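**Q** Quick one, fold the following:
(4 chains)
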Protein chains: 2
Amino acid sequence: MTTAKTRPDPMAILEDHGYRSTAPRRAVVDILRRKEDGFTAEEIIDDLPGIGRATVYRTIRLLLEAGVLCKLALPDGAPKYTLSTVEHHHHTICVRCGTVDTFRDTTMERLMRAIGDDVSGDIVGHRIEVYVTCGRCLTQVRS
Amino acid sequence: MTTAKTRPDPMAILEDHGYRSTAPRRAVVDILRRKEDGFTAEEIIDDLPGIGRATVYRTIRLLLEAGVLCKLALPDGAPKYTLSTVEHHHHTICVRCGTVDTFRDTTMERLMRAIGDDVSGDIVGHRIEVYVTCGRCLTQVRS
DNA sequence: GCCTGCAATGATACTGAGTATCACTACAAG
DNA sequence: CTTGTAGTGATACTCAGTATCATTGCAGGC
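**A** Predicted coordinates:
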């Protein structure tokens, strides 16, 4: 599931949006491309002491707006980011190790349409996060 | 949908959990019982100048743990609380006026079971928030 | 009725996540 | 080579919530 497939370079996408390819932005993009399991903003800031907080957060925001990143929430609401590969998908987050994985379920799309009949008003978006104990953590627990 | 039905007194629930019924706690519980559309912690703090931040947050936390409150997230991740009436349900949040409503869809439960087959590991929880433009706001927009 | 102990309180200071400000830098285009 | 502006980073701020800790106030035992 976590295949490092041919992912478009986030930096290229930023350039497509009219933003400059600068050294700090490339540094941020480079480091978070290597974070397969999601990351927090402070984590990136700590990893790049030469780069200011503001720049890291700005770059993250640009990538969010460009749809390259997803912002998720842990059960307690703490934010976590992850690179998004596919268009529309949802995330599973392991509550033990924090590993983020994605899934795409067509039931979900049908569900949203079904809910549309139940609620008064127009659905404009949704947030779905599934919290799991991942397979790896399960075997650790049982051993 | 937003019926002020016979709701168990949150204070009584806290007492059942072994917590004292104190004046500050009653004040907090009283005020948030009147907030049909959800509320933020700071809102409560502002409404009760005589009561300390810590006490308000503590009371909210106790109520969350007791299952009397739900903590939701707006699209930007900003937290919002709402009293929960029924056991398991989900929320719609109007992105214009912030009104919180609840729905319960059996499809959701079936969906969770279906997802269980897709993901590796055990599902331990989920978060689902549906963002809407509510009926009232829709008529305002169109007028 | 009065100790007394502990739960609860509130002031305050802190953390964590993110934004605003603003002087400065570094480019890219003319 | 100038110059305009996007981008940067230091810093201070907001917002949400927690930690600390001295003080208060009840509830139960005598």
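
**Q** Could you pick out the residues of chain A near chain B for me?
**A** Near chain B, the residues belonging to chain A are A:1, A:71, A:73, A:75, A:77, A:79, A:92, A:94-95, A:101, A:103, A:105, A:107-108, A:110-112, A:114-115, A:118-135, A:137-138 when assessed by C-beta under 8 Å from any C-beta of the partner chain. Glycine gets a C-beta too; all of them are placed from N, C-alpha and C.

**Q** Also near DNA strand C: which of these, exactly?
**A** A:K71, A:P79 (C-beta under 7 Å from any atom of the strand).

**Q** now, which of the residues of chain A next to chain B lie within strands?
**A** Applying DSSP state E to the residues of chain A next to chain B, the entries found in strands are A:71, A:73, A:79, A:92, A:94, A:101, A:103, A:122-133.

**Q** Buried among the residues of chain A next to chain B? Need that as a selection in ChimeraX.
**A** Buried subset of these, written as a ChimeraX selection, criterion 16 or more other C-beta atoms under 10 Å in any protein chain shown:
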select /A:71,73,92,94,95,101,103,105,107,108,111,115,119,121,122,126,127,128,129,130,131,132,133,134,137,138
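
**Q** With adjacent residues omitted, what lies nearest to A:I51?
**A** Once flanking residues are discounted, A:I51 sits nearest to A:P24: 4.8 Å by C-beta to C-beta, 6 or more residues apart in numbering or on different chains.

**Q** measure the residue nearest to A:S84 when sequence neighbours are not counted to A:E87 for me?
**A** Excluding its sequence neighbours, the residue lying closest to A:S84 (C-beta to C-beta, 6+ apart) is A:C70, at 4.8 Å. A:C70 sits 11 Å away from A:E87, going by C-beta to C-beta, to the nearest Å.

**Q** the more surrounded of those two?
**A** Applying other C-beta atoms under 10 Å in any protein chain shown to A:C70 and A:E87 shows that A:C70 carries more neighbours, namely 18 against 7.

**Q** show me where chain A has helices.
**A** Taking DSSP state H, the helices of chain A run over residues A:10-16, A:23-33, A:41-47, A:53-65, A:106-118, A:135-142.
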